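**Student:** I would like the atomic coordinates for the input below:
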Amino acid sequence: MAKNTPTKIGYVPREIEKEFSKYLRRRPIIALLGPRRGGKTTLLLHLKETLKDAQYLSFEDRQTLDLFERDIKNFARLYLEGEVQYLFLDEFHYAKNGGKNLKYLFDF
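**Tutor:** As a prediction, the model looks like this:
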């Protein structure tokens, strides 16, 4: 390839994926923390694409956040019933009382 030829850049694997995959088999609640623009969303989207029966939601979508906060039972029915085994919640810090609802989802 020529020195200044642009290349198509795709997903860049991360070391944390190996650790993540160990825990995903157990289906726990995992918090992924990191700096702004550090690739957290990219990782979650990648995992959603590689795992069977995974769902990704972002609480930047105010309707999704509102349903999570206002009606956790319907949120669970909508996003967890059926074949969904993994639920990735991005921008979780926007949820005011997220811990209680997260426990409900875990027990669902």
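**Student:** quick one: mean pLDDT for stretch 87-103?
**Tutor:** On average, the pLDDT along stretch 87-103 is 94.
**Student:** which of the residues in it are buried?
**Tutor:** By 16 or more other C-beta atoms under 10 Å, the buried positions in stretch 87-103 come out as 87-90, 92, 94-95, 98, 101-102. (Glycine included, C-beta is placed from N, CA and C.)
**Student:** alpha carbons of stretch 53-61, as CSV, please.
**Tutor:** Coordinates of each C-alpha in stretch 53-61 appear next as CSV, following Å, rounded to 0.1, in the frame of the first residue of the first chain:
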residue,chain,number,x,y,z
ASP,A,53,-30.2,-12.4,21.1
ALA,A,54,-28.8,-9.1,22.3
GLN,A,55,-30.5,-5.8,22.6
TYR,A,56,-28.9,-2.3,22.7
LEU,A,57,-30.7,0.8,24.1
SER,A,58,-29.4,4.2,24.8
PHE,A,59,-30.9,6.5,27.4
GLU,A,60,-30.1,9.4,25.2
ASP,A,61,-33.3,8.5,23.6
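**Student:** returning to what we had before: so which of the buried residues of stretch 87-103 is the closest to Leu57?
**Tutor:** Leu89 (5.7 Å; C-beta to C-beta).
**Student:** does the closest one belong to a helix or a strand, and which?
**Tutor:** strand 86-90 (DSSP states H and E).
**Student:** list the contacts for Asn65?
**Tutor:** Actually, residue 65 is Leu rather than Asn. Leu65 makes contact with 59, 94-95 under the criterion C-beta atoms under 8 Å, 6 or more residues apart in numbering.
**Student:** gap between it and Asp90?
**Tutor:** As judged by C-beta to C-beta, to the nearest Å, Leu65 and Asp90 stand 11 Å apart.
**Student:** now do the shared contacts for those two.
**Tutor:** Phe59.
**Student:** report the beta-bridge partners for the residue nearest the centre of the chain.
**Tutor:** Residue closest to the average C-alpha location in the chain (C-alpha atoms, centre = their mean): Phe88, at 2.3 Å. With DSSP bridges as the criterion, Phe88 is bridged to Tyr56.
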